[in-house]
Every structure is written in C-alpha cells, then in structure tokens.
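> Fold the stuff below for me.
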Amino acid sequence: MNHFGGGMMGGMGYIAVLGAGSWGTTLSRLLADKGYDVSLWVYESDLCGEMRTTRVNSLYLPGFTLPDTIMITDDIGQAVKNARYVITVIPTQHTRSILSRALPLMNHDAIIINASKGIEQKTLLTVSSMVRQMADHRVAVLSGPSFAQEVVRKLPTAVTLSCEDAPASLLLQELFNTHYFRVYTHNDTIGVELGGALKNVIAIASGISDGLELGHNARASLITRGLAEIRRLGVTMGAQDHTFSGLSGLGDLVLTCTGPLSRNYTVGKKLGQGVMLGEILSGTKSVAEGVATAESAYELSRKYDAQMPIVEQVYLVLYEGKDPGEAVSDLMNRALKTEFNA
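Next comes the predicted model:
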C-alpha cells in the first residue's frame, strides 16, 4: 500500500472515489497510476460486475484499462471503509442521498473532495455547503478545465484545488498532481464551485447559439457576458472576484462553451437545432449538470437580486418552453447600458 505521509493526516488506507462516470473513472485511474490504493464505487450493479471482469468502463470511458490496484465495488460501505480521502464525483442532484448513506460509514477524519459541478435544486447549495450541512468533515473542491477524455489520455491539464484548511490543501495538491495534471491551490471554495457550476448554464447558451448558426462573434459575446454574470452572482454570495479570472472560472467557461466534448454545450446545440429537451436527455447516458443548475442559478439570481439575463433566458428555454431564437432576440434587445455597470 502506498503511504502518503506528512502533515496532520499521516499515512492513508484508501482513496475512495464515489461515482464511476467518465470523470470519476479517470480520477481513479490517475490516482492508481501514482501508486495509491483506490476504491471506486459504481452505482450500477451490472456495470460494476462488468468492470470487475474486464477492468474497463465500457459505458462511460471505453478503451482505457483500469489498474488492478483499483477496487471496484457497488457496496458503498466497502468503498469508504478505510478511506482517508473521499472524492465525490456524483451528479449534484443525487449527491445528498448518496452521501447520507456514506457519511455514517466513513472515518471521522476523512477529507471529502468534491469533483462534481452543480448546484442542488431547492436548497440552492453547492456540494461543499451541502457536506458542511450534513457533517463536520473537512471539505475541498477540485475544479477547472478538464475534459475526462483528455486527462485519461494524459494530455496537459491544469486545475484548481480549493480548501480552506491550508495544510490539507498542500497535501491534496501533491495527491492529485502529476506531470500532465497540474494542480494549483486556492482558498475560495464557494467561488471555485460557483464557477464550475454556472459555466455549465452559459455553455448551454453557447451551444444554442452555435445550433442557431449565429457565428463566432455571438459565442464570444456570450462567453464574456456570461462570465460577467457568474462574477456578479459569485461576489454577491461572498466569493473572491479574482477567482472568476482563474482556471475554475474563465478557464472552465471557455473550454465548456467551445469544446464539442462538453455535454452541456451539446445539449444547447441540439436545442438550437430544434430538438426537444426530453428527446435530448433521453438519448444520453451522461448527466448534463447545466440543465438542473439552470433552475438553481435562476433562483439564486432572484434570491440575491443579481442580474443574470443569459441565465434567465436559458432557464426560460429549458423550463418554460421558450423558443431559442426568441430568447436570443430578447437578449439582444435589452435596454442599453455601460459594459462595466455595477
């Protein structure tokens, strides 16, 4: 077993990864390649059995073999039993129910690292806020421009690791960092999570724009004004302004709004091409977090009285059946104002 020494944490048993989608599977492989013992919890029992036999996640990450040092299980208690670090890579709307099962079975000193990007509906909480509401574990967030398909191929990637516990932050930075996966530390957990979640909503808008064939000018404008909306809400909620110029803000936003590997961009593009939302969602096995987050973001904008016209129009398209072309027209015909209006 690989021991990760130093600081207040000492050696470790397992790193538990909860969620075997493309990102959870990729992080498991990255950590196992570094020599750590990893347990990967798989929600789907049939997929779990197949992965144990083939060592391949054919559903979410086909073509990449998982090392034998990854313990694949559908027993959440077995997954977290010895974990010193628990990485949650669960769709945000299901995180609370799964954590409610896992938390009583976890070591009291385990650190929880959120690697999902969303905002819970109704409560309007980020995952770290949700965890703090449910337990007193230390919490960190891993976010940034990181398509799983590129990380698993070991293409250069840089991300942000945010944790308000400075010693833990440095240890976690070393835990994840590799020669192709560069990890920067930060202490603005709420800002990092909001950037990662809200960019998915703007990515849907970007996809809609491309689906309507509105051109590169329109997409660049959406990205820029979308960032202004994310920053406006984030600062109002207590985030640091400069966080949104970093990897978990601008970096992730640009990637998700322009990359064809983005599930949220793809949803938007199909909407712009006239496909109905229900048909789009029923035809994909992966979760596009931005669909649920659009409702949460819209509610947050109202709660904090933050102007977010792009988010509002995405919400209206997704939840009120508004025509995408009409939404674009309404954005373009808003009252004129200065660019850097407060």
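
> Please make it C-alpha for all contacts and neighbour counts, starting now.
Fine.

> Poorly predicted segments of this protein, please.
Applying pLDDT under 70 to the chain flags the ranges 1-13, 341-342.

> How are the strands of it distributed by residue range?
14-18, 38-41, 56-57, 61-65, 70-73, 83-88, 111-114, 139-143, 157-163, 181-186 (DSSP state E).

> any idea how this structure splits into domains?
Under the assignment automatic domain parsing, the domains of the chain span 14-187, 191-332.

> Which of those sits closest to Thr338?
For Thr338, the closest of those is domain 191-332, at 12.3 Å, according to CA to CA.

> Now do the end-to-end distance for that closest one.
Length of domain 191-332, first residue to last, CA to CA, to the nearest Å: 28 Å.

> just to revisit the earlier point, nearest approach to Glu339 belongs to which of the domains of the chain?
With CA to CA as the measure, domain 191-332 is the member of the domains of the chain nearest Glu339 (9.1 Å).

> Just want the most central residue of this structure.
With distances taken as CA atoms, centre = their mean, the residue of the chain nearest its centroid is Lys117 (2.4 Å).

> Please list all residues in contact with that residue.
By CA atoms under 8 Å, 6 or more residues apart in numbering, the contact list for Lys117 reads Pro91, Thr92, Ser143, Glu193, Gly196, Ala197, Glu289.

> Among those residues, which are located in helices?
Members of these lying in helices (criterion: DSSP state H): Thr92, Glu193, Gly196, Ala197, Glu289.

> wait, isn't the second one in contact with Ser143?
Yes - counting by CA atoms under 8 Å, a contact exists between Glu193 and Ser143, whose distance comes to 7.3 Å.

> overlap in contacts of the two?
Counting by CA under 8 Å, 6+ apart, the common neighbours of Glu193 and Ser143 are Lys117, Ser248.

> re earlier: and the ones in helices among the contacts of Lys117, which are buried?
Neighbour counting over those (16 or more other CA atoms under 10 Å) leaves Thr92, Glu193, Gly196, Ala197, Glu289 as the buried ones.

> For the stretch 151-300 of the chain, which segments are assigned as helices?
Using DSSP state H, counting those that start in this stretch, the helices found in the stretch 151-300 of the chain span residues 166-176, 189-211, 216-236, 252-258, 263-272, 277-282, 289-303.

> any chance of those in TSV, with distance to Val38 too?
Formatted as TSV, these follow (distance: least, CA to CA, whole Å):
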stretch	distance to Val38
helix 166-176	12
helix 189-211	25
helix 216-236	34
helix 252-258	27
helix 263-272	27
helix 277-282	31
helix 289-303	26
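
> Go through the ones in helices among the contacts of Lys117 and name the one nearest Ala239.
Set against Ala239, the nearest of the ones in helices among the contacts of Lys117 by CA to CA is Glu193 (9.7 Å).

> ok, now which ones touch that closest one?
With contacts defined as CA under 8 Å, 6+ apart, Glu193 is in contact with Lys117, Gly118, Thr126, Val127, Val141, Ser143, Ser248.

> try it again with 10 Å
Contact partners of Glu193, counting by CA atoms under 10 Å, 6 or more residues apart in numbering, are 114-119, 126-129, 141-144, 162, 234, 239, 248-249.

> again, but for Ala203
So Ala203 contacts 209, 219, 222-223, 226, 252-259, 262-269, 290, 314 (CA under 10 Å, 6+ apart).

> Please repeat the previous calculation with a cut-off of 7 Å.
By CA atoms under 7 Å, 6 or more residues apart in numbering, the residues touching Ala203 are Thr256, Cys257, Asn264, Tyr265.

> Equivalent analysis for Tyr60, please.
Applying CA under 7 Å, 6+ apart, the residues near Tyr60 are Gly21, Ser22.

> change it to 8 Å
Neighbouring residues of Tyr60 by CA under 8 Å, 6+ apart: Ala20, Gly21, Ser22, Ser286.

> Then Gly195?
Ile230, Gly234, Phe244, Ser248, Gly249, Asp252, Leu253.

> And for Glu229, nearest residue in space, chain neighbours not counted?
Met308 (5.3 Å; CA to CA, 6 or more residues apart in numbering).

> meant to ask about Asp74, not that
Excluding its sequence neighbours, the residue lying closest to Asp74 (CA to CA, 6+ apart) is Val42, at 4.9 Å.

> Count the neighbours of the one you found for me.
Val42: 24 surrounding residues under other CA atoms under 10 Å.

> Test my guess that it contacts Gln78.
No - counting by CA under 8 Å, Val42 sits too far from Gln78 to count as a contact (11.5 Å).

> what's the closest non-adjacent residue to Asp68?
Leaving aside its chain neighbours, Asp68 sits nearest to Arg55 (7.7 Å; criterion: CA to CA, 6+ apart).

> State the distance from the one you found to Leu47.
Distance from Arg55 to Leu47, by CA to CA: 11 Å.

> Repeat that for Ile202.
From Ile202 across to Leu47, the span is 32 Å (CA to CA).

> Looking only at neighbour counts, state which of the two leads.
Set Ile202 next to Leu47 and count neighbours by other CA under 10 Å: Ile202 wins out with 31 against 19.

> Can you name the residues that contact that one?
Residues in contact with Ile202 (CA under 8 Å, 6+ apart) are Leu222, Ile223, Gly226, Leu253, Cys257, Ile310, Val311.

> I figured the second one was touching Val254, is that so?
Translated: Ile223. Yes - counting by CA under 8 Å, Ile223 touches Val254, with 6.9 Å between them.
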